[in-house]
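Participant: only the shape, not the letters, is given here:
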């Protein structure tokens, strides 16, 4: 990505937005679907809304505080954004891990294996979303390792939780939190890009990148359903 020019960097940032919007919509849909399985007393949709807003507002507050401190110390705020992307994706992947573990918990071994394979291919594209904000930064290998662990590690935790103590209530909460975290990052990246004319999503190249990101995630998602 670093070998590319400014227009291509904006293209891949737009592609990142497309990837994240698809993930956010997918997580929101899954949260509402799981909410429908809850007893009426839990008010599943309202519970999902609480999780969504909790994540969105909390991450916004943390982002502002961390960025202010990093700026004062002369650090790289792009790395902060990359960590936010990885965190949002990680929470979403926690929900995916719950689905895999839940399938094994009820004895659907074949389904669990297919979900595992599908999510692996599906999540490979998420790495691009994590590193795209870092194209203009110098990053140590340590940070890349931590970003990968933050984005992918929760899926492993989710598998364990889903396999031994699956709960629709927790599934709703984590999926909703994941959706809120992802849309907060979408808003942040979009806000950053819109500061320049070349970064507008109404630019042909950026619009193409955004749609390409959506289609890429849609294509890999088909592997899970088939």
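Facilitator: Done, it's in. As the structure is a prediction and not an experimental result, all values here were calculated from the model.
Participant: where does residue 60 land on pLDDT?
Facilitator: Residue 60 is assigned a predicted lDDT (pLDDT) of 84.
Participant: typo on my end, it should be residue 118
Facilitator: 66.
Participant: same check, this time on residue 206
Facilitator: 83.
Participant: please report how far the nearest residue to residue 207 once chain neighbours are set aside lies from residue 195.
Facilitator: Distances taken as CB to CB, 6 or more residues apart in numbering put residue 201 closest to residue 207, at 5.9 Å, once the chain neighbours are dropped. No exception for glycine: its C-beta is placed from N, CA and C like everyone else's. According to CB to CB, to the nearest Å, residue 201 stands 13 Å off from residue 195.
Participant: and for residue 153?
Facilitator: Counting by CB to CB, the gap from residue 153 to residue 195 is 32 Å.
Participant: looking at these two, which one has more neighbours?
Facilitator: residue 153 (16 against 9; other CB atoms under 10 Å).
Participant: neighbours around the closest residue to that one other than its chain neighbours, how many?
Facilitator: Nearest residue to residue 153, sequence neighbours excluded (CB to CB, 6+ apart): residue 90, at 6.7 Å. A count of neighbours around residue 90, defined by other CB under 10 Å, yields 24.
Participant: and residue 67, by the same measure?
Facilitator: A count of neighbours around residue 67, defined by other CB under 10 Å, yields 16.
Participant: contacts only, for it.
Facilitator: 77, 80 (CB atoms under 8 Å, 6 or more residues apart in numbering).
Participant: how about a cut-off of 10 Å?
Facilitator: 75, 77, 80-81, 84, 188 (CB atoms under 10 Å, 6 or more residues apart in numbering).
Participant: please apply the same query to residue 88.
Facilitator: Counted by CB under 10 Å, 6+ apart, residue 88 has contacts 20, 23-24, 27, 55, 59, 126, 129-130, 150-151, 177-186, 188.
Participant: and it, what element?
Facilitator: In this structure, residue 88 sits in helix 77-105 according to DSSP states H and E.
Participant: could you identify the helix or strand that succeeds the worst-scoring helix or strand of the chain on mean pLDDT?
Facilitator: None of the helices or strands of the chain scores lower by mean pLDDT, DSSP states H and E than helix 109-124, at a mean of 69. Downstream of helix 109-124, the first helix or strand assigned by DSSP H and E is helix 126-131.
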